[in-house]
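# heads up, no residue letters with this:
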Ligand code: ADP
Ligand code: ADP
């Protein structure tokens, strides 16, 4: 379980003479087995925050520390689309991101495929799967490297409501069973309430306007 410490973070993009402030003076800390959703309207800096946390973007000012004990935390990612390699089988898409090889690694990949109900697709190719199944593979791949922290950027936004609902349940189960820390970006507040232990809300201009615990456990019905 990772610890995230964001202090006085600012991120601006300068293009020509124009400066856009995407993140303005944001601070928060996360530690332990939390499911934190970052919510807010389009353009409020959610993806930028995730990109700064992952190191894809550099902060203009402020600091980000993501640690596990006294080392740097290992990160896993899930994006809006699964970004699978089309010429590799489903199982190979998981094996491809592992640092080790061997029977143990293979078993671990198979275990995570099984956890998203896709053990039977191991030998198939991504193009043979539905969008929802592909996203399941993307989620299994992210968990299969056993990261300390999972960063997710609107992973269900391209899916139909019924598929998204079952994937939310699976994600919640994975989160519970693996005891990982999850940081989940969504524009959908009800999705955030359904999944999260905590909600961080950004407003236009990239300001943090709320940081709230969520008490109700999932599933609610
Ligand atoms: P969200 O994910 O909440 O929709 P983003 O983080 O994508 O918001 O964007 C926040 C703001 O930063 C927006 O005004 C967006 O146009 C701007 N922005 C994001 N990425 C870039 C970039 N690479 N160059 C310039 N402006 C950017
Ligand atoms: P998609 O909908 O295809 O998953 P996202 O909206 O999740 O794309 O992309 C989030 C951000 O990551 C965007 O700013 C995009 O430009 C960037 N991005 C897209 N593809 C890649 C990639 N292969 N590697 C790194 N960044 C990417």
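Cool, the structure landed. Since the model is a prediction, treat every value here as computed from it, not as a measurement. Ligands and ions are numbered 1, 2, ... in the order given.

# where along the protein do the helices fall?
Using DSSP state H, the helices of the chain run over residues 46-54, 90-95, 103-115, 131-144, 161-178, 189-195.

# got the ones you listed as CSV, with mean pLDDT and distance to residue 28 columns?
All C-beta atoms are positioned from the backbone trio N, CA, C, and that covers glycine. Below are the helices of the chain laid out as CSV (pLDDT from 0 to 100; distance: least, C-beta to C-beta, whole Å):
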stretch, mean pLDDT, distance to residue 28
helix 46-54, 96, 10
helix 90-95, 97, 32
helix 103-115, 95, 29
helix 131-144, 96, 22
helix 161-178, 92, 19
helix 189-195, 93, 15
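
# of those, which is nearest residue 205?
Residue 205 sits nearest to helix 46-54 of all those, at 11.8 Å, using C-beta to C-beta.

# ok, back up a step: of the helices of the chain, which is nearest ligand 2?
Ligand 2 sits nearest to helix 46-54 of all these, at 5.4 Å, using C-beta to the nearest ligand atom.

# and the closest one, how far out from the chain's middle?
On the basis of C-alpha atoms, centre = their mean, to the nearest Å, helix 46-54 sits 11 Å off its chain's mean C-alpha point.

# check which helices and strands that helix sits against.
The helices and strands touching helix 46-54, judged by 3 or more C-beta pairs under 8 Å, 6 or more residues apart in numbering; DSSP states H and E, are strand 3-15, strand 18-31, strand 35-39, strand 61-68, strand 149-153, strand 181-185.

# quick one on the thing from earlier: distance to ligand 2 added to the helices of the chain, as CSV?
Below are the helices of the chain laid out as CSV (distance: least, C-beta to the nearest ligand atom, whole Å):
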stretch, distance to ligand 2
helix 46-54, 5
helix 90-95, 14
helix 103-115, 20
helix 131-144, 9
helix 161-178, 15
helix 189-195, 16
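
# list the residues that contact residue 21.
With contact taken as C-beta atoms under 8 Å, 6 or more residues apart in numbering, residue 21 is in contact with 10, 11, 12, 205, 206.

# against residue 151, how distant is the closest residue to the fourth one other than its chain neighbours?
Nearest residue to residue 205 in three dimensions, chain neighbours excluded: residue 24, at 5.5 Å (C-beta to C-beta, 6 or more residues apart in numbering). The gap separating residue 24 from residue 151 is 21 Å, by C-beta to C-beta, to the nearest Å.
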